[in-house]
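In: next come a sequence and a model predicted from it.
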Amino acid sequence: MKILSIVGARPQFVKCAPLSRELRKEHEEVLVHTGQHYDHEMSEVFFEELNIPKPDYNLGIGSGSHGEQTGKMLIEIEKVMIKEKPDLVLVYGDTNSTLAGALAAAKLQIKVAHVEAGLRSFDRRMPEEINRALTDHASDLLFCPTQTAVDNLAKEGITEGVHLVGDVMVDALEYNRKVAEEKSRIIEELGLEKGKYLVITVHRPGNTDSRENMTNIIEAMGEAGRTVVFPAHPMTEKYLAKYNLLESMPENVKLIQPLGYLDMLRLMSGAEKILTDSGGIQKEVYMLGVLHHAAGKYGMGGDAKRRVEHAGGG
């Protein structure tokens with residue numbers, strides 16, 4: 001069977017790795033990278049570290065509004081599908097790459113399999129929630145990580161092709177955690193002491209679009225009473241510059257470039273606590289057993305400062 005797998009963002013690279021290894025034992029896989037994450041540290045390094053085969057296609061879509069990005073992906077993905085004629089299209093998670101892949105395949109009458117089907121936040125303000133629901137309704141095979149996900153699909157009238165398979169992130173994390181401990185030196189390079197620093201990640205529009213929210217977050221980091229490591233998403237750093245917050249970064253905050261998967265995994269494993277608005281990171285740190293605070297369903301809102309202070313024990 002020829003399977004066309006579509007990825008484009010950090011969480012998908014992680015999920016793709018264990019599945020790709022198994023798929024290629026019995027099937028032909030064509031790997032398409034949409035280029036949704038266009039920064040080297042947000043993209044190529046994950047393929048290198050996770051031993052994912054080099055993509056057969058890199059569409060280089062890059063950033064843009066949700067409509068612009070998804071539209072460009074649809075156009076380019078359709079071209080690949082027409083050329084490759086896959087038997088099945090495999091999509092992961094809830095990004096614009098996920099939705100574009102599912103829609104392109106459905107329009108061409110190609111069967112769609114969705115990994116992490118049935119997950120719901122029930123917050124329609126989140127672009128990811130729209131992507132999840134639309135992808136599920138366009139899919140033929142729905143691989144659910146939990147019984148709750150299966151139940152969610154049933155409530156929406158989807159009962160055929162649904163399979164409870166567990167969470168692929170568990171497989172990926174177990175495999176890569178040991179590798180990260182052996183290979184990553186990020187804690188030593190940053191001069192950190194295990195269990196005595198915080199990690200924060202911020203990238204959702206509900207946070208970054210607000211000067212007040214970002215100002216509150218930065219101020220609260222300075223009041224955390226310990227070292228705060230802040231790996232900044234490229235778009236987050238642009239907003240920090242726009243709000244003139246880079247110049248006023250507190251001394252206890254280590255603002256760093258996005259990390260590769262293994263470095264980020266080891267950094268999170270050694271943290272005292274983590275504050276994040278990333279759904280993928282929330283899941284990872286829960287599995288790692290690290291205390292964490294979720295930055296709300298959509299954004300930290302006016303609660304931003306209190307959340308960071310609470311994460312720091314303040």
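Out: Here it is on my side, so go on. Residues are numbered from 1 along each chain as shown.

In: contacts and neighbour counts: CA atoms only from here.
Out: Fine.

In: torsion angles phi and psi at R204?
Out: Dihedral pair for R204: phi -70, psi 140, per degrees, to the nearest 10.

In: the helices in the stretch 151-300 of the chain, which residues?
Out: For the stretch 151-300 of the chain, helices defined by DSSP state H, counting those that start in this stretch occupy the ranges 168-183, 186-189, 205-208, 211-222, 234-242, 261-269, 279-288.

In: can you redo the ones you listed as a markdown table with distance to H66, mean neighbour count and mean pLDDT?
Out: As requested, the helices of the stretch 151-300 of the chain are exported to a markdown table (distance: least, Cα to Cα, whole Å; neighbours: other Cα atoms under 10 Å; pLDDT from 0 to 100):
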| stretch | distance to H66 | mean neighbour count | mean pLDDT |
| --- | --- | --- | --- |
| helix 168-183 | 26 | 16 | 89 |
| helix 186-189 | 33 | 14 | 98 |
| helix 205-208 | 12 | 19 | 85 |
| helix 211-222 | 21 | 20 | 93 |
| helix 234-242 | 14 | 16 | 92 |
| helix 261-269 | 25 | 23 | 94 |
| helix 279-288 | 18 | 16 | 85 |
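
In: can you lay out those helices as CSV showing distance to A113?
Out: Shown next, in CSV, are these (distance: least, Cα to Cα, whole Å):
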stretch, distance to A113
helix 168-183, 14
helix 186-189, 36
helix 205-208, 29
helix 211-222, 38
helix 234-242, 31
helix 261-269, 25
helix 279-288, 20
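
In: among those helices, which is nearest V80?
Out: Between V80 and the helices of the stretch 151-300 of the chain, the tightest spacing by Cα to Cα is seen for helix 168-183, at 26.1 Å.

In: show me what the closest one is packed up against.
Out: For helix 168-183, the packing partners by 3 or more Cα pairs under 8 Å, 6 or more residues apart in numbering; DSSP states H and E come out as helix 10-26, helix 261-269, helix 279-288.

In: got the angle between it and helix 10-26?
Out: Counting by axes from the mean of the first three to the mean of the last three Cα atoms, to 10 degrees, helix 168-183 points 100 degrees away from the direction of helix 10-26.

In: CA atoms only: put helix 168-183 into CSV for me.
Out: Taking Å, rounded to 0.1, in the frame of the first residue of the first chain, the C-alpha atoms of helix 168-183 are listed here in CSV:
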residue,chain,number,x,y,z
VAL,A,168,1.3,7.8,19.9
MET,A,169,3.0,10.6,21.9
VAL,A,170,3.6,8.0,24.7
ASP,A,171,5.5,5.8,22.3
ALA,A,172,7.5,8.8,21.0
LEU,A,173,8.3,10.1,24.5
GLU,A,174,9.4,6.8,25.9
TYR,A,175,11.7,6.2,23.0
ASN,A,176,13.2,9.7,22.9
ARG,A,177,13.5,10.5,26.6
LYS,A,178,16.4,8.1,27.0
VAL,A,179,18.1,9.4,23.9
ALA,A,180,17.7,13.0,25.2
GLU,A,181,19.3,12.1,28.5
GLU,A,182,22.3,10.6,26.7
LYS,A,183,22.8,13.2,24.0
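
In: what distance separates that helix from the centre of its chain?
Out: Averaging C-alpha positions (Cα atoms, centre = their mean, to the nearest Å) puts helix 168-183 16 Å from its chain's average.

In: what does stretch 278-291 give?
Out: 12 Å.

In: surely H114 is within a strand?
Out: Yes: counting by DSSP: H, G, I helix; E, B strand; the rest coil, H114 is part of a strand.

In: what's near enough to touch it?
Out: 90-93, 135-136, 139, 141-143 (Cα atoms under 8 Å, 6 or more residues apart in numbering).

In: can we see that at 6 Å?
Out: 91-92, 142-143 (Cα atoms under 6 Å, 6 or more residues apart in numbering).

In: who's it bridged to?
Out: V91, L142 (DSSP bridges).

In: secondary structure class of A133, three-state.
Out: On the basis of three-state DSSP, A133 is classed as helix.

In: number of residues surrounding I3?
Out: 22 (other Cα atoms under 10 Å).

In: now do it against A105, distance only.
Out: Counting by Cα to Cα, to the nearest Å, the gap from I3 to A105 is 12 Å.

In: same deal with Q36?
Out: Taking Cα to Cα, one finds Q36 at 18 Å from A105.

In: nearest residue to L240 in space, please, no chain neighbours.
Out: In space, not counting the residues next to it along the chain, L240 is nearest to L246; the distance is 5.8 Å by Cα to Cα, 6 or more residues apart in numbering.

In: T276: which of the contacts of H114 is nearest?
Out: Proximity of those to T276 (Cα to Cα) peaks at Y92, which lies at 21.1 Å.
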